[in-house]
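In: return a 3D structure for these sequence lines:
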Amino acid sequence: MVSRVAFIAALCGAWILATASAAPPPPPPQRVMVPMRDGIRLATDVYLPFTNGSHPVILGRTPYGKATSAGFAADGARRGYVVVVQDTRGRHGSEGENLPFHRDVDDGADTVAWILRQPWCNGRLGTWGGSAGAITQFQLNASGARGVQSQHLVVGAANLQDVVYTGGVLRKSLVEDWTRITKFQDDALARWVEHPKRDAYWTERDALRQVRSVRAAGVHVGGYWDIFAQATLDAFVAQQARGAQGARGRQKLVMGPWAHAVLQETVGDLTFPGAKRPPNHLHDPWRWFAATLRDEPNGMMELPAVTYYVVGDVTDPNAPGNAWRTAAQWPPFDVAPTRLHLHGDRSLRAARPGRSEPLRYRYDPSEPVPTLGGVQLTLPAGPIDQRILEDRPDVLVFTTEPLPEPVEVTGRVRARLWVSSDVPDTDFMVKLCDVYPDGRSFNVCEGALRARFRRGLAREVPLRPGRAEWVEVDCWSTSIVFN
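Out: Reported below is the predicted structural model:
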């Protein structure tokens, strides 16, 4: 079987391993209201082991209610850890404004300082959580606070602007549905919408600014169709290369063919063999914390830095791909950037195009191209057949000939487009697709750009109607062998 590559230009919670132990249940948690620097108190449950004395501590901070972490916390206490779970500011039992990730930078630092003063803490502290629980860990990193030696971060983002916007485009369904379903206060969404560009609001919520002060070894788990796919890769690369002593060179990455729920084989329309069974146990927080908080020689720290799944043609059992690999870095090898050019006959070829008439389409905001699969949270996510969208008159499709041999694409994908518009601002959406022999076209990765942010998110430059200009759309990263 052969594939083609199509280039389309147009417009909750993560799984966490918590294996139950056979030990008897620990005592019920101690319920504490921990004071923050401004006097607000945060509802906190402390799960203590049966044995007296001091122990390693694992902290989880969540806006979803600390009761959702009770099973993990009780299991940790059975294993001899103190587990601290906390409602973030304004959520459930905690005081303060009910806004998403509000003052998490300071609150995380104050909670860590409080833990390190407690007699049951032996000075070794790890943090844990998925999705919003990973974001709170990154916001703690942004504080520059000392004391955390280990982190286990599943599908999270270090830069909060990446959560709300992609290329300056509001992630409409994600943020509107999430703030509504999780019952944040009425003006929560409006506060985010008030900051469309990179400003002081987002700068202080960007944990990668403080990456040189991160001292914790970390596991980063993500998926190619996750809403935080590129954010996971960016955080791993930054902390691995630029973290402080304790973090630098001690990060691990697991990237699978997953959406926001990890360790699944079926995502969207496709089922990926072996996807729920990575070749090691980095996704298991208990093994990770045993190595990093107890110095147990269980081989975790000796594992390769990167474990990643290579997507392949799922209809051909002899096709390359659909397998796990390991590597020392991300990208996993020295990639050679390869250009494919968009041609006036709507082909996609290595050859540079000659002169041709511009390709035109009319974008109608009252009838936009609908979302179908991709990096979604509350909408169906993952690879979904795109043909119904490709047939629309407001979508341009550029397609290769059937490939004479398999082609691997691993790393960052970007689309540079020369565009002209009759309006001062508009959005460009780009998808890279794998076209199967039967005509099905599955989205591999995608990106978006609001035109006025084409020169960076910190400044707005309107388009000049009728003038051709280049824009670059970041389609994030993938690893796939086109058959």
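In: what sits up against stretch 292-304?
Out: With contact meaning C-beta atoms under 8 Å, 6 or more residues apart in numbering, stretch 292-304 is reached by 56, 58, 81, 124-126, 149-150, 217, 250, 252, 280-282, 287-288, 290-291, 326-328. C-beta: built from backbone N, CA, C; applies to glycine.
In: of those, select the buried ones using a PyMOL command.
Out: For the buried members of the contacts of stretch 292-304, the matching PyMOL selection, counting by 16 or more other C-beta atoms under 10 Å, is:
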select buried, resi 56+58+81+124+125+126+149+150+217+250+252+280+281+282+287+288+290+291
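In: of the contacts of stretch 292-304, which belong to strands?
Out: Residues of the contacts of stretch 292-304 located in strands (DSSP state E): 56, 58, 124, 125, 126, 149, 150, 217, 252, 326, 327.
In: confidence score at the closest residue to residue 422 other than its chain neighbours?
Out: Spatially, and ignoring its direct neighbours in sequence, residue 422 is nearest to residue 465 (5.0 Å; C-beta to C-beta, 6 or more residues apart in numbering). At residue 465, the pLDDT value in this model is 91.
In: in CSV: the ones in strands among the contacts of stretch 292-304, plus distance to residue 473 and pLDDT.
Out: Output for those, formatted as CSV (distance: C-beta to C-beta, whole Å; pLDDT from 0 to 100):
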residue, distance to residue 473, pLDDT
56, 45, 98
58, 40, 98
124, 44, 98
125, 41, 98
126, 38, 98
149, 39, 98
150, 36, 98
217, 34, 98
252, 30, 98
326, 31, 98
327, 27, 98
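In: could you dump those into JSON lines with distance to residue 358 added?
Out: Listed next are the ones in strands among the contacts of stretch 292-304 as JSON lines, based on distance: C-beta to C-beta, whole Å:
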{"residue": "56", "distance to residue 358": "63"}
{"residue": "58", "distance to residue 358": "58"}
{"residue": "124", "distance to residue 358": "62"}
{"residue": "125", "distance to residue 358": "59"}
{"residue": "126", "distance to residue 358": "56"}
{"residue": "149", "distance to residue 358": "57"}
{"residue": "150", "distance to residue 358": "55"}
{"residue": "217", "distance to residue 358": "52"}
{"residue": "252", "distance to residue 358": "47"}
{"residue": "326", "distance to residue 358": "46"}
{"residue": "327", "distance to residue 358": "42"}
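In: ok, these vs residue 98, which is closest?
Out: Nearest to residue 98 among the ones in strands among the contacts of stretch 292-304 is residue 58, at 25.8 Å by C-beta to C-beta.
In: re the thing from before, quick one: the residue nearest to residue 422 from residue 415, how far?
Out: 22 Å (C-beta to C-beta, to the nearest Å).
In: cool, residue 466 as well?
Out: Going from residue 466 to residue 415 by C-beta to C-beta gives 22 Å.
In: neighbour count winner among those two?
Out: More neighbours surround residue 415 than the other of residue 466 and residue 415, with 23 against 8 (other C-beta atoms under 10 Å).
In: for the host helix or strand of that one, buried residues please.
Out: Per DSSP states H and E, residue 415 falls inside strand 407-419. Residues of strand 407-419 classed as buried: 409, 410, 411, 412, 413, 415, 417, 419 (neighbour count, 16+ other C-beta under 10 Å).
In: for that strand, the averaged confidence score.
Out: According to the model, strand 407-419 has a mean pLDDT of 96.
In: torsion angles phi and psi at residue 61?
Out: Per-residue torsions, residue 61: phi -120, psi 130 (degrees, to the nearest 10).
In: what sits closest to it if chain neighbours are left out?
Out: Closest residue in space to residue 61, ignoring its immediate chain neighbours: residue 136 at 4.2 Å, by C-beta to C-beta, 6+ apart.
In: confirm that neighbour sits in a helix?
Out: Yes. Counting by DSSP: H, G, I helix; E, B strand; the rest coil, residue 136 is located in a helix.
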